[in-house]
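A.B. asks: With the sequence up front, the predicted model follows.
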Amino acid sequence: MAEPVTPDAQRSPDEGLGAPTSVGSSRVEQLLADLNQAQRRAVEHGEGPLLVLAGAGSGKTRVLTRRIGFLLATGMARPGEILAITFTNKAADEMRGRVEELTGAAARLMWVMTFHSACARILRQHADRLGYKRGFSIFDEADSVRMVKRCLGELDIDPKRFPPRTVKGQISLAKNRLTDAESYREEQGSFFEETVADVYTLYEKRMHENNAMDFDDLLVRTVNLFELCPDLRERYARNFRHVLVDEYQDTNRVQYRLLQLLSGEHGNLFVVGDDSQSIYGFRAADIRNILDFQGDFDATSVRLEQNYRSTQTILDASNAVISNNRDRLEKDLWTDAGAGDPVTIAELQDEHEEARWVAGEIDRLADEAGIARTDVAVFYRTNAQSRVLEDTLVRFDVPYQVIGGTKFYERAEIKDAMAYLTLLVNPQDTVSLARVINSPRRGIGKTSEGRLLGHANTLGLAPIELLADPQRVPGLGAAAVKAMTRFEELIAGLAERAAGGGSVAELLEATLGESGYIEALEAERTIEAEGRIENLQELVGVAAEFDVNRTVEGDSELAPLEEFLEQISLFTAQDDLREDEELVTLMTLHNAKGLEYRAVFIIGCEDGVFPHSRSIDEGTLEEERRLAYVGITRARERLALSHARRRSIFGATGSGIPSRFLGEIPDRLVERHSTVGPTTGWGLGAGGGSSFAGPGAGGQEPTLELAVGDDVVHASFGEGVVTAVEPGNVVVVRFGGEGERKLMADYAPIQRAS
DNA sequence: TATAATTCTCTTTTT
DNA sequence: GAGAATTATA
């Protein structure tokens, strides 16, 4: 369903969805049965706005799901009248699935999706009202920055003084304040800002010409659409009689405005959030949205304060940390669970030792506490920190998955392939065109490309049109003209095929084949090219999977290719989280939002790393503290925080002092561990002395020295023999029944057999 | 025009 | 210490 269906059109014979019946009321009882009082009050709320202040682990997802079930079961809403905004596509799918269990297949008519997906869907439907075409491209950050850069060039602005990224950032902030280029120019004074205003103006013009939107546009243009076309606003507002929003604390002003436009009249706005978990201020999220919600919408509120996730100790630690923030809505989280284990704070020499320690602890958790890898997550402040960890985990044969970071879809070959497909849907997209016009090499270099774009600009044509008739471009060599004609034929042929609306995977394969892209890679005969081909094959696999799911669900009005492109561009990091395999999960603290694990490690707890030095400079420490709060409260049973004495950043080694957040955790909750001195680690207990010995420049700590042939005893695997010794104190041990395992001599629970 | 070599910048966090 | 961007060379 791509636009709201009128109530008449969606009336279905599905029993139990109409007015409350006996079936309905028993269903309602079922929905409320295992909820606590506060949760029940939230779910049973009548009409009008409600703020659910949900502390960490207080069951907010459950409340949201039940609320939807309640709306449907009592007949307060039909499925098509519900708009539920979640933080990730994955969360949306899960929620839809759960509601489906409660209320049946009609749940598919609900709109459960992220802000960006919902906006894209609305915009596709009414693109013409804003002078866009429905096949508009969605530019990711890299594409947008590229466009900004192009604008800088066109305006003859020095990109050294005005870095494209920075300028894009300014434009983004302006958009998130709903300030258009014109108003921006009026309200700005400095030279810098005036220059940005020039770029902003041109950028908007070019984006429109390219039939392209950036991430901010998806939200802003939807607001524009509703303000410009009251008929549409009314239609959607009337249709979405119940709007529900998860993670409300992270909404920004544009999203706030959108919610206002949609729910202003009926006021059925049900938001769930926790001000203590507001961590997207840098993305213009406005914490006042939640702090002022009650006043703004004249809302009632419900507090969920019982925590069902963590031990008392973990909860105490999180409360102690967050209580150092001034600006917050008081909440008193409590739990029925027992005290549990103390919080571990580990001090290590450097990031390598830190990684080894984490790897060792993960093994130990499995052996001693029966906590499987799936139940373990490691969080860090910046993506760069994952590298050392990954290297170490590979060395120790600990399977893992990294969420976010440098993504599959950012690889050059993947972006190229996607650019081809994008071009088929949106021929006006010159950023995609520029990506593929000479990739693979077909003899259209920078010069020819520049001439083409330049002349298209002067004629006021889309470059793709000119491409069909390249003789019109002055100054082109015969070879270039010929190459362009061939390229145009390629695109035209593929576009025709795309219009047929068949399998995306087949179309992608045809594209990669006919363009000569794969061939060019094969000709390289290098390992890297080999890898790229594999990546592209993986992309074909993704497309094939999409094809299959689509034929199953098959209710979209978008052409398959368009839908595929949109799905990929609005992917969220958490969407590729896997839970069914035995993998340790690695991610940034930001990506950890909304998740939970039996055991959590937070590494790099040093001032400057976490809290990040920039936040210290910019005075956004409270947000960093909330980030710490988010991280800590992800843990159910075990929590370990580590910091290193030395850490190399940018290649240079610096020394770090423990994060101030560590000091905010009361000592009585903590068990300290420090790896210094001649310890073989285990058995001595992690609570031992924290005597820190050496400056350890590049420190090779004393260790259990093992050689090939030595007999050892492992705490859980029993007796074994060393079969190899690898760099970094890794030993390969062959155990009786277990086969061979790689272990860290320093940390694995092994001893020399005597 | 395409490659190789060299210099320079960046690092928060993300849809 | 990696990536992009720029410059030098074929």
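C.D. replies: Everything's here; your move.

A.B. asks: top strand in chain A by residue count?
C.D. replies: Longest strand in chain A, counting residues (DSSP state E): strand A:635-649.

A.B. asks: List the pairing partners of it within its sheet, with orientation.
C.D. replies: strand A:343-350 (parallel), strand A:597-602 (parallel), strand A:652-655 (antiparallel) (DSSP bridges).

A.B. asks: Ok, which of these comes nearest DNA strand B?
C.D. replies: Nearest to DNA strand B among the strands paired with strand A:635-649 is strand A:652-655; the distance by Cβ to the nearest atom of the strand comes to 9.2 Å. Where you see a C-beta, it was placed from the backbone N, CA and C, and this is true even at glycine.

A.B. asks: Run a quick neighbour tally on A:N549.
C.D. replies: Residue crowding around A:N549 was assessed by other Cβ atoms under 10 Å; the count is 11.

A.B. asks: just checking, what packs against the helix or strand that contains it?
C.D. replies: Assignment of secondary structure by DSSP states H and E places A:N549 within helix A:527-553. If contacts are counted by 3 or more Cβ pairs under 8 Å, 6 or more residues apart in numbering; DSSP states H and E, helix A:527-553 sits against helix A:412-425, helix A:504-514, helix A:517-524, helix A:560-569.

A.B. asks: how about that helix, does it reach DNA strand C?
C.D. replies: No. Helix A:527-553 lies apart from DNA strand C when judged by Cβ under 7 Å from any atom of the strand; the minimum separation is 10.9 Å.

A.B. asks: Would you mind listing the buried residues in that helix?
C.D. replies: Going by neighbour count (16 or more other Cβ atoms under 10 Å), the buried part of helix A:527-553 is A:529, A:532-533, A:535-536, A:539-540, A:542-544, A:546-547, A:550.

A.B. asks: Now the longest strand of chain A: buried residues?
C.D. replies: Using 16+ other Cβ under 10 Å as the burial criterion, the residues of strand A:635-649 that qualify are A:635-647.

A.B. asks: wait, which of the helices and strands packed on helix A:527-553 is closest to A:N319?
C.D. replies: Distances from A:N319 to each of the helices and strands packed on helix A:527-553 were compared using Cβ to Cβ; the shortest belongs to helix A:560-569, at 39.4 Å.

A.B. asks: is the helix holding A:N549 up against DNA strand B anywhere?
C.D. replies: No. On the criterion Cβ under 7 Å from any atom of the strand, helix A:527-553 is out of touch with DNA strand B, staying 11.1 Å away.

A.B. asks: try stretch A:473-487
C.D. replies: Yes. Under the criterion of Cβ under 7 Å from any atom of the strand, stretch A:473-487 makes contact with DNA strand B via A:477, A:480.

A.B. asks: on that earlier part again, compare the helices and strands packed on helix A:527-553 and say which comes out lowest on pLDDT.
C.D. replies: By mean pLDDT, the lowest-scoring of the helices and strands packed on helix A:527-553 turns out to be helix A:517-524, with a mean of 86.

A.B. asks: How far away from the center of its chain is it?
C.D. replies: Taking Cα atoms, centre = their mean, to the nearest Å, the mean C-alpha location of helix A:517-524 is offset from the chain mean by 32 Å.

A.B. asks: likewise stretch A:305-322?
C.D. replies: Counting by Cα atoms, centre = their mean, stretch A:305-322 is centred 25 Å from the centre of its parent chain.

A.B. asks: Ok, stretch A:374-392 next?
C.D. replies: How far stretch A:374-392 lies from its chain's middle: 16 Å, per Cα atoms, centre = their mean.

A.B. asks: Tell me the residues of chain A that contact DNA strand C?
C.D. replies: By the criterion of Cβ under 7 Å from any atom of the strand, the positions of chain A lying close to DNA strand C are A:149, A:159, A:648, A:650-651.

A.B. asks: Next, the distance between the ends of stretch A:517-531.
C.D. replies: Stretch A:517-531 stretches 14 Å from its first residue to its last (Cα to Cα, to the nearest Å).

A.B. asks: Could you do stretch A:608-626 as well?
C.D. replies: Between the opening and closing residues of stretch A:608-626 there is a gap of 16 Å (Cα to Cα).

A.B. asks: How about that stretch and DNA strand B, any contact?
C.D. replies: Yes. Stretch A:608-626 lies within reach of DNA strand B by Cβ under 7 Å from any atom of the strand, at A:612, A:614-615, A:618, A:620.

A.B. asks: what ranges of chain A fall below the confidence cut-off?
C.D. replies: Per-residue confidence of chain A (counting by pLDDT under 70) places the weak regions at A:1-24, A:406, A:552-556, A:651, A:676-705, A:713-719, A:726-730, A:735-751, A:753-754.

A.B. asks: Close to DNA strand B: what parts of the stretch 351-500 of chain A are there?
C.D. replies: Counting by Cβ under 7 Å from any atom of the strand, the positions of the stretch 351-500 of chain A adjacent to DNA strand B are A:381-384, A:404, A:438, A:441, A:443-448, A:477, A:480.

A.B. asks: Can you pick out the most distant pair from those residues?
C.D. replies: Across those, the two members that end up farthest from each other (Cβ to Cβ) are A:R381 and A:G477, 52.0 Å apart.

A.B. asks: So these two - more neighbours on which side?
C.D. replies: For A:R381 against A:G477, the residue with the higher neighbour count under other Cβ under 10 Å is A:R381, and the figures read 25 against 12.

A.B. asks: these two touch, right, the more buried one and A:M587?
C.D. replies: No. With contact defined as Cβ atoms under 8 Å, A:R381 does not count as touching A:M587 (11.0 Å).

A.B. asks: how far does the helix holding A:N549 sit from the chain's center?
C.D. replies: On Cα atoms, centre = their mean, the centre of helix A:527-553 falls 21 Å from the chain's centre.

A.B. asks: cool, and stretch A:330-350?
C.D. replies: Averaged C-alpha coordinates place stretch A:330-350 at 26 Å from its chain's average position (Cα atoms, centre = their mean).

A.B. asks: same thing with stretch A:658-666?
C.D. replies: So, by Cα atoms, centre = their mean, the centroid of stretch A:658-666 is 28 Å from its chain's centroid.

A.B. asks: Could you list the buried residues of that stretch?
C.D. replies: Applying a neighbour-count criterion of 16+ other Cβ under 10 Å, the buried positions in stretch A:658-666 are A:658-662, A:665.

A.B. asks: Only whichever of the residues of the stretch 351-500 of chain A next to DNA strand B are buried, select them in ChimeraX.
C.D. replies: Those of these that count as buried under 16+ other Cβ under 10 Å are selected in ChimeraX with:
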select /A:381,383,404,438,444,448,480
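
A.B. asks: from the residues of the stretch 351-500 of chain A next to DNA strand B, which single one is nearest A:P230?
C.D. replies: Nearest to A:P230 among those is A:G404, at 39.7 Å by Cβ to Cβ.

A.B. asks: residues in contact with the closest one?
C.D. replies: With contacts defined as Cβ atoms under 8 Å, 6 or more residues apart in numbering, the neighbours of A:G404 are A:383, A:573, A:587-588, A:591.

A.B. asks: Just the ones in strands from the residues you listed, please.
C.D. replies: A:587-588.

A.B. asks: Contacts for stretch A:64-71, please.
C.D. replies: A:27-28, A:31-32, A:35, A:39, A:42-45, A:76-77, A:82, A:84, A:95, A:98-99, A:102-103, A:110, A:242, A:244, A:246, A:270, A:272.

A.B. asks: what about the helices in the stretch 351-500 of chain A?
C.D. replies: When secondary structure is read from DSSP state H, counting those that start in this stretch, the stretch 351-500 of chain A shows helices at A:351-364, A:386-395, A:412-425, A:430-436, A:446-459, A:463-467, A:478-499.

A.B. asks: Not counting sequence-adjacent ones, nearest residue to A:E562?
C.D. replies: Spatial nearest neighbour of A:E562, excluding adjacent residues (Cβ to Cβ, 6 or more residues apart in numbering): A:V425 at 5.5 Å.

A.B. asks: and the residue nearest to A:E100 when sequence neighbours are not counted, how many neighbours?
C.D. replies: What sits nearest to A:E100 in space, not counting adjacent residues and going by Cβ to Cβ, 6+ apart, is A:A107, at 4.1 Å. Residue neighbour count, defined by other Cβ under 10 Å, stands at 21 for A:A107.
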